[in-house]
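S.K.: Please work out how this folds:
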Amino acid sequence: MRKVLSVLALAAVAGLVTVSTAVPASALTGTEQLGCYVTPSPTQPSPVPKFCGNRMGATSYTAVFQVLNESGAYSYAWSVPAGYTGNIATGCTSTTDYCVLNDLAPTQVSVSVTISQAGQSATLKATANITPYCGNGPCRQ
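M.R.: From the prediction side, this is the model:
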């Protein structure tokens, strides 16, 4: 009887171990964002969500786009407008969560990325609004 109880106890523990180590696959959380930051070239700052414009005049700018609030491993499909693919400095690949565009003149550049994880995907978009400066402030239109 002791042997039977020992075997049953061992089987129960093995079942618990199996259940407790089973981890569900990661999935998109819905909190992921595409952050963006613009700065005079060639500086490459860390992006922040909700700010994607310049605060000073310069002859050229760098726009950094980066996926924020990630949880786990993702794959990325970046979409950069055709006229700006020559400005890609680094990133913008299926394995990088960032895309850096250099040598931008005052313009508006929208970049999107489709993130995929555990069979789910979502498309995130951000627009760099680079305002021309006249002297110490933005030019008036």
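S.K.: contacting residues for the residue nearest the centre of the chain?
M.R.: Central residue of the chain (C-alpha atoms, centre = their mean): residue 67, 1.1 Å from the mean position. Going by C-beta atoms under 8 Å, 6 or more residues apart in numbering, residue 67 touches 32, 33, 34, 35, 74, 76, 97, 98, 113, 115, 124. All C-beta spots, glycine's among them, are computed from the backbone N, C-alpha and C.
S.K.: Apply 6 Å and report the result again.
M.R.: Applying C-beta atoms under 6 Å, 6 or more residues apart in numbering to residue 67 gives the contacts 32, 97.
S.K.: do residue 107 as well
M.R.: Shown in contact with residue 107 (C-beta under 6 Å, 6+ apart): residue 130.
S.K.: Stretch 47-60: end-to-end distance?
M.R.: End-to-end distance of stretch 47-60 (C-alpha to C-alpha, to the nearest Å): 18 Å.
S.K.: Pull out the buried residues from that stretch.
M.R.: Neighbour-count burial for stretch 47-60 flags 47, 52, 53, 54, 57, 58 (criterion: 16 or more other C-beta atoms under 10 Å).
S.K.: May I ask you to confirm that the last one is in contact with residue 40?
M.R.: Think residue 58. Yes. With contact defined as C-beta atoms under 6 Å, residue 58 reaches residue 40; the gap is 3.5 Å.
S.K.: Dig out what residue 114 forms beta bridges with.
M.R.: residue 77, residue 123 (DSSP bridges).
S.K.: For it, give its distance to residue 100.
M.R.: To residue 100, residue 114 is 18 Å away according to C-beta to C-beta, to the nearest Å.
S.K.: more neighbours, the two?
M.R.: Counted by other C-beta atoms under 10 Å, residue 114 and residue 100 do not tie: residue 100 has more neighbours, with 18 against 14.
S.K.: Tell me which stretches of the protein form helices.
M.R.: For the chain, helices defined by DSSP state H occupy the ranges 2-21.
S.K.: The protein: strands as residue ranges?
M.R.: Along the chain, counting by DSSP state E, strands occupy 33-40, 61-68, 75-79, 88-91, 98-104, 108-117, 120-129, 133-134, 137-138.
S.K.: With respect to burial, which of these scores highest?
M.R.: When neighbours are counted by mean count of other C-beta atoms under 10 Å, the highest per-stretch mean among the strands of the chain falls to strand 61-68, a mean of 24.
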